[in-house]
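Asker: Turn this into a structure:
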Amino acid sequence: MRPLRILTWHVHGSYLRYLANAPHTFVVPVREGRPPGYAGKPPDWPDNVEEIHADDVRRASFDVVITQSRRNWEVDRHEALSASQRNLPTIAIEHDPPRRSPTEEPHYVDDPSALLVHVTHFNRLMWDNGRTPTLVIEHGVVVPDDVRYSGERPRGVVVVNNLGARDRRVGPDVFERVRRDVPLDLYGMDAERLGGVGEVSWPELARVEATYRFFFNPIRWTSLGLAVCEAMMLGMPVVGLATTAMATTIENGVTGYVDLDERELVRHMRRLLRDPAEAAALGAEARRAAERRFGIGRFVADWDRALRLVTGMPTRSARRTVADLAEVPG
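Answerer: Down below sits the predicted model:
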């Protein structure tokens, strides 16, 4: 597949960093002051991510447009793109499950000529996807080659950005209740608000995280967090709520523990603190599961397939349209 020039927006930085593992050029628009969605390229990102001023987008050449938020779809692409660019092959990434209703919310992308990519099967199941063809591309992650789980620190680690300022959907109340009974350290943006450690760079976070006995995910209702996948790839046992995609990601007694009863989760966490051997065994299985399911090679291959679909490039079997290979659940 020849390299493509892909316009997208910097919405979820960690996801875009992994997406840039695909052998294409990703062009991100910037504006003065680098506001949300127009923050551009961080200095440590690879060379195949390029910046373009938002005012210059309509004069540039692209093969594909990828939106990553409702604002991208409803506002940004209309403001930034020319009429001909709005007719380019288009993919919309949905990073989250529906907010207003778990089962009745129509997706804002209602376009049979676009491709809607969900990052979990749970998300696709819960959204009413209407006429839009859909695919699921599960996360792909990497961790530093020289970092692996050691678990010598008898505490749990939580990684959520801005947890103290967010609603019950991401579980600040769950975190507060559980840490009364179990020692937990919080990392992420503005973690200090809840007495946490704060934000740490990606490679340093992996090194610190791997020393904790287990990873705890307090989130009730969101997509499967990249932090969960990264923890598994490090070889950490994961404990969390048995909601959303977590219920099919963590296998009880094999890669960690999930439950809907916080008391049961506390019981499991206390046991892992007392039994580092069990934690290490669960973590080893978590890493094997992550390598099978969240490997970056599989992620890149899935994205190449999606790009072939929307650009009409030949697949190995035949030239097919988006509707031929994508699925369209109601």
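
Asker: which element is A286 on?
Answerer: helix 276-293 (DSSP states H and E).

Asker: in that helix, what's buried?
Answerer: Across helix 276-293, burial judged by 16 or more other Cβ atoms under 10 Å covers 279-280, 282-283, 285-287, 289-290, 293. Every residue, glycine included, has its C-beta placed from N, CA and C.

Asker: just the strands in the protein please.
Answerer: Under the criterion DSSP state E, the chain contains strands at 5-8, 25-30, 49-53, 64-67, 90-94, 115-118, 134-136, 153-159, 184-187, 212-217, 238-241, 256-259.

Asker: So which of those is nearest L307?
Answerer: With Cβ to Cβ as the criterion, L307 lies closest to strand 64-67 of the strands of the chain, at 6.2 Å.

Asker: Tell me which other helices or strands the closest one touches.
Answerer: Packing partners of strand 64-67 (3 or more Cβ pairs under 8 Å, 6 or more residues apart in numbering; DSSP states H and E): strand 5-8, strand 90-94, helix 296-311.

Asker: now that strand: mean pLDDT?
Answerer: Regarding strand 64-67, the rounded mean pLDDT is 98.

Asker: quick one: it to chain centroid distance?
Answerer: 17 Å (Cα atoms, centre = their mean, to the nearest Å).

Asker: That one pairs with which strands, and in what direction?
Answerer: Here strand 64-67 is paired, per DSSP bridges, with strand 5-8 (parallel), strand 90-94 (parallel).

Asker: tell me which residues of the shortest one are tucked away?
Answerer: So that's strand 5-8. 6-8.

Asker: Then stretch 207-220?
Answerer: For stretch 207-220, a neighbour-count test (16+ other Cβ under 10 Å) marks 207, 209-210, 212-220 as buried.

Asker: can you pull out the helices in the chain?
Answerer: 13-19, 70-71, 77-80, 121-126, 172-178, 202-209, 226-234, 262-274, 276-293, 296-311, 322-325 (DSSP state H).

Asker: Out of the ones you listed, which is closest to P112?
Answerer: helix 322-325 (7.2 Å).

Asker: lowest average confidence, helix or strand, in the protein?
Answerer: helix 322-325 (a mean of 52; mean pLDDT, DSSP states H and E).

Asker: what's the closest non-adjacent residue to the most centrally placed residue in the chain?
Answerer: By Cα atoms, centre = their mean, the mean C-alpha position of the chain lies nearest to L226, the distance being 4.5 Å. Of all residues not flanking L226 in the chain, S14 sits nearest, at 5.0 Å (Cβ to Cβ, 6 or more residues apart in numbering).

Asker: pLDDT at the one you found, what is it?
Answerer: For S14, the model assigns a pLDDT of 91.

Asker: heads up, I number from 44, so please use that
Answerer: Taking 44 as the first residue, the last one we looked at is S57.

Asker: how many neighbours does it have?
Answerer: A count of neighbours around S57, defined by other Cβ atoms under 10 Å, yields 15.

Asker: Next: G231.
Answerer: G231, neighbours per other Cβ under 10 Å, totals 21.

Asker: roughly how far apart are the residue lying closest to it once chain neighbours are set aside and A126?
Answerer: Nearest non-adjacent residue to G231, counting by Cβ to Cβ, 6+ apart: N204, 4.2 Å away. N204 is 37 Å from A126, where distance means Cβ to Cβ, to the nearest Å.

Asker: Neighbour count: the two, which is higher?
Answerer: Shown here are N204 and A126; by other Cβ under 10 Å, N204 has more neighbours (16 against 7).

Asker: Wait, that one touches R236, no?
Answerer: No - at 11.3 Å, N204 does not count as touching R236 under the criterion of Cβ atoms under 8 Å.

Asker: re the thing from before, next one, pLDDT for the residue nearest to the centre of the chain please.
Answerer: L269 is given a pLDDT of 97.

Asker: so where's this structure uncertain?
Answerer: For the chain, the stretches flagged by pLDDT under 70 are 44, 356-373.

Asker: Which parts of it belong to which domain?
Answerer: Taking automatic domain parsing as the reference, the chain has its domains at 48-183+339-368, 196-336.

Asker: of those, which approaches V190 most closely?
Answerer: domain 196-336 (4.8 Å).

Asker: hmm, back to that, the residue nearest to the centre of the chain and G183: what is the separation?
Answerer: 10 Å.

Asker: Now do the shared contacts for these two.
Answerer: Common neighbours of L269 and G183, using Cβ atoms under 8 Å, 6 or more residues apart in numbering, are Y61.

Asker: pretty sure E334 contacts M276?
Answerer: Yes - using Cβ under 8 Å, E334 is in contact with M276, at 7.2 Å.
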